[in-house]
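Asker: Quick one, structure for this:
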Amino acid sequence: MNTLVPAAPRSFAELEAIPYARPMSQATAVEQVIAAVYRQRYVIAIAVGVCMTIGALVSILSPSKYTASASVQLDQQIPQLLGDKGLDPQVSVQDSDRFLQTQLDLIRSRSIADSVATKLKLAKSPQALKAIGIDDPGPDAETAHAVAVAQLQDNVQVQLGLNTRLAEIYYTTTDANLSARIANGFAESLQEANIDSKLQVSNKAKEYLTQQLAKAKQRLETSETQMLSYARQEDLTTTVVPSGPNDRGGSLRAQELGQLTDSLAQVTSQRIAAQERWQQVQNTPAMNLPEVQSNSAIQDLVAQKAQQEASLREERQRHTDKYPTVAEAAAKIKELDAQINSFAANIKSSFYGQYLAAAQQERQMQEKVGQLRGAAMSERERSVGYNALSREVETNKAFYDGLLERYKEIATASGATAANVTIVDQAWPPLIPDSSHLARNMAFGGTAGLIIALLFGAFRERIHNVVRSTGDLEQALNLPALGVVPRLTGPEEVRDALDDVTSAQAEAYHSVAVAVQEACGGVLPKTLLITSSTASEGKSTSAMGIARSLSAMGKSVLLVDGDLRRHASVKLIASDSQPGFSEVLAGSSTPERAVQRSVGGDFSIVHPGESATSPVTLLATDGIKRVFDKLAAKHDIVIIDGPPVMGLADAVLLARSVEAVLVVVEANRTHLNEIDIAVSRLPQNNIIGGIITKFDSKSAGVRYGGTEYYTYRRSE
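Answerer: This is a model prediction of the structure:
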């Protein structure tokens with residue numbers, strides 16, 4: 001915007017427009033925040049009061065609540081029940097904080113809450129659901145269970161002390177017994193979950209080992225089948241398991257060869273013994289052999305022979321050799337000798353037969369051993385592949401035995417699982433309800449109300465972008481602020497306040513009148529248009545107040561009501577029968593005839609008059625400038641109370657024909673964008689500034705401009 005600064009004592013018409021460059025004071029961010037809070041003080045007070053009242057009512061009307069607590073011990077290092085560290089590993093001490101936080105998060109998990117809700121059967125008890133804060137559990141049991149789980153998960157509280165492994169689990173309901181049951185349920189479920197997690201690891205390990213055992217068993221059976229098939233295919237008689245303590249192992253042929261070799265040695269020994277015996281008896285008379293002499297049959301025959309010889313000797317004593325009995329006895333003796341010799345010869349020849357039999361047996365055994373030795377050697381050559389398959393069988397068997405032993409260890413460990421969580425104290429039903437939360441709820445309510453108020457106030461400040469102080473005019477619009485007129489605080493009318501020369505409003509317009517003169521370099525403009533962006537912002541009052549102030553300063557002032565659409569100056573004139581501004585512009589009257597004194601007589605006035613012609617048509621004529629010149633010739637200043645700028649062309653047409661324009665802005669009502677648009681429509685070379693009307697420092701949230709600002713009291 002531009003202001004007019006004189007280079008030397010000249011008339012106002014000779015002033016040169018230069019850019020307005022007065023430095024503007026900038027409010028700090030803290031001052032802006034304080035001012036905004038002050039402007040929204042009622043919103044803040046109401047919001048805080050309402051929320052605190054709600055908090056108090058909630059505390060008073062809410063049912064008594066009971067909080068039960070159970071304590072659990074969280075051990076990172078547990079006793080090692082098994083010697084194998086792989087089955088029961090120890091956790092690193094560096095992860096202790098992470099372990100404890102994991103356990104606390106596990107208590108708040110949905111799985112633990114689901115376990116508690118299932119154990120306590122909350123979904124089936126409407127009283128329990130109501131006690132935990134669920135009034136509408138849903139249409140079915142499944143929905144009620146899900147809602148109960150969510151409620152448990154949201155309301156369980158866990159606290160871990162400093163430098164301790166004892167965790168306290170709290171739960172609050174309107175039923176003391178239910179609070180204790182839920183707290184104990186969380187502690188027990190945490191312990192069970194800890195054990196179950198380890199059992200799951202063991203079960204997974206056992207399941208994995210079972211699968212591996214099945215595969216190992218299959219491989220072992222397959223390798224054994226392949227080994228036996230190979231042995232059958234290659235005609236191998238290898239025994240897998242020894243049949244007895246004397247079994248040499250290996251193939252059956254090798255075992256038979258060993259046995260035959262032993263038998264061959266025995267047969268050879270027997271043959272050598274038989275041969276040696278035969279060589280001993282070969283040249284010995286048969287009757288001299290001990291075997292002959294000891295033969296019972298030969299001994300019987302020798303005895304019979306002796307008897308016959310005795311009988312023969314008796315018979316020869318009585319008879320001759322031809323006697324029949326003698327001859328018979330001699331024949332008998334001869335027969336007995338033949339028998340004895342025959343038996344002795346047979347016994348002697350038996351030694352030779354034994355020798356021949358032993359030699360024959362030795363030869364047969366040697367032939368059989370030779371045959372088996374060749375077969376065994378051939379079998380050994382064919383058993384190379386069998387040995388490879390046998391080693392594979394042994395490897396698979398060792399692997400299977402190792403897996404089986406590991407499975408037994410895992411099964412043993414799963415039955416002796418140590419828990420990281422130990423329940424120290426069970427929760428007992430509280431005997432008395434929790435202490436009143438009135439102060440806490442009121443504090444929460446006040447905080448919530450303050451937050452809501454600040455958000456709502458910030459929103460109001462954002463959308464209610466109005467002019468509140470002179471700083472808004474100067475900073476946002478670059479429009480010099482020439483004064484601030486306070487708002488009336490009592491029931492009196494504005495004009496009554498202006499009649500009181502000691503009132504704040506009268507003093508404010510005195511200050512504005514001086515500022516107008518100073519803004520023009522000490523020279524009053526001959527014609528001054530007072531306008532505003534919208535209606536009812538106080539421009540007519542401002543025009544009258546400035547006119548009275550300049551009149552009091554000894555100036556000859558003429559106030560022209562230039563708003564041809566509304567008559568604001570009717571009460572200021574004695575008679576409205578005289579021609580007005582409309583008749584002068586229409587040419588039906590002269591400017592001199594339209595001027596009359598105001599009711600107070602301190603300045604002159606021209607009322608708008610009556611005309612059937614459109615105001616735009618009247619104001620657009622070229623004669624308006626001559627009318628103002630004629631009126632200004634007989635007065636020090638002509639003040640035109642113009643219409644608002646927005647929506648009308650009247651103010652713009654009037655501004656073209658005056659020397660200076662003063663913009664009136666109502667405080668805390670007129671939006672900055674409205675003023676900006678209005679000012680941009682006016683000629684930019686004769687706008688000297690703006691004044692703020694109906695100003696209230698408390699509503700604006702600034703430290704100046706109140707009624708006392710324009711009141712000076714002399715001290716007693």
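
Asker: low-confidence ranges in the stretch 301-450 of the chain?
Answerer: 379, 381-382, 411-419, 435-437 (pLDDT under 70).

Asker: can you give me the offset of whichever strand or helix holds Ala513 from its chain's centre?
Answerer: Here Ala513, judged by DSSP states H and E, is contained in helix 504-519. Relative to the chain's own centre, helix 504-519 is displaced by 66 Å; criterion: Cα atoms, centre = their mean, to the nearest Å.

Asker: same question, stretch 198-206
Answerer: 28 Å.

Asker: on that earlier part again, give me the residues contacting the helix holding Ala513.
Answerer: 3-4, 480, 482-486, 488, 494, 497-500, 523-525, 528, 542, 545-546, 548-550, 552-553, 660, 662, 688-689, 691, 707-711 (Cβ atoms under 8 Å, 6 or more residues apart in numbering). (C-beta placed from N, C-alpha, C; glycine too.)

Asker: among those, which are in helices?
Answerer: Val494, Ala497, Leu498, Asp499, Ser542, Gly545, Ile546, Arg548, Ser549, Leu550, Ala552 (DSSP state H).

Asker: Return a PyMOL selection command for the buried portion of those residues.
Answerer: For the buried members of those, the matching PyMOL selection, counting by 16 or more other Cβ atoms under 10 Å, is:
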select buried, resi 494+497+498+542+545+546+548+549+550+552
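
Asker: okay if I get the ones in helices among the contacts of helix 504-519 as JSON lines plus distance to Ser59?
Answerer: As requested, the ones in helices among the contacts of helix 504-519 are exported to JSON lines (distance: Cβ to Cβ, whole Å):
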{"residue": "Val494", "distance to Ser59": "51"}
{"residue": "Ala497", "distance to Ser59": "51"}
{"residue": "Leu498", "distance to Ser59": "55"}
{"residue": "Asp499", "distance to Ser59": "57"}
{"residue": "Ser542", "distance to Ser59": "54"}
{"residue": "Gly545", "distance to Ser59": "56"}
{"residue": "Ile546", "distance to Ser59": "60"}
{"residue": "Arg548", "distance to Ser59": "61"}
{"residue": "Ser549", "distance to Ser59": "60"}
{"residue": "Leu550", "distance to Ser59": "65"}
{"residue": "Ala552", "distance to Ser59": "64"}
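
Asker: show me what contacts Asp696?
Answerer: Asp696 neighbours (Cβ under 8 Å, 6+ apart): Pro486, Arg487, Ala667, Asn668, Gly706.

Asker: ok so, going back, buried ones in the helix holding Ala513?
Answerer: 504-513, 515-517, 519.

Asker: Can I get the residues you listed in CSV including distance to Ala141 and pLDDT?
Answerer: Output for those, formatted as CSV (distance: Cβ to Cβ, whole Å; pLDDT from 0 to 100):
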residue, distance to Ala141, pLDDT
Ala504, 75, 84
Gln505, 76, 84
Ala506, 81, 85
Glu507, 80, 88
Ala508, 76, 88
Tyr509, 80, 88
His510, 83, 89
Ser511, 80, 89
Val512, 79, 90
Ala513, 84, 89
Ala515, 81, 90
Val516, 83, 90
Gln517, 88, 87
Ala519, 82, 85
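
Asker: Need those residues in TSV (columns: distance to Pro433).
Answerer: Below are those laid out as TSV (distance: Cβ to Cβ, whole Å):
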residue	distance to Pro433
Ala504	60
Gln505	63
Ala506	67
Glu507	65
Ala508	63
Tyr509	68
His510	70
Ser511	67
Val512	68
Ala513	73
Ala515	70
Val516	73
Gln517	77
Ala519	73
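
Asker: Which parts of the stretch 51-200 of the chain are helices?
Answerer: 96-107, 110-120, 126-131, 141-155, 176-233 (DSSP state H, counting those that start in this stretch).

Asker: right, so the ones you listed: which one is the most enclosed?
Answerer: Sort the helices of the stretch 51-200 of the chain by mean neighbour count, taking mean count of other Cβ atoms under 10 Å, and helix 110-120 sits at the top with a mean of 19.

Asker: which helices and strands does that helix pack with?
Answerer: Helices and strands touching helix 110-120, by 3 or more Cβ pairs under 8 Å, 6 or more residues apart in numbering; DSSP states H and E, are helix 141-155, helix 176-233.

Asker: does Leu403 sit in a helix or strand, and which one?
Answerer: Per DSSP H and E: helix 384-414 holds Leu403.

Asker: Fine by me, thanks again.
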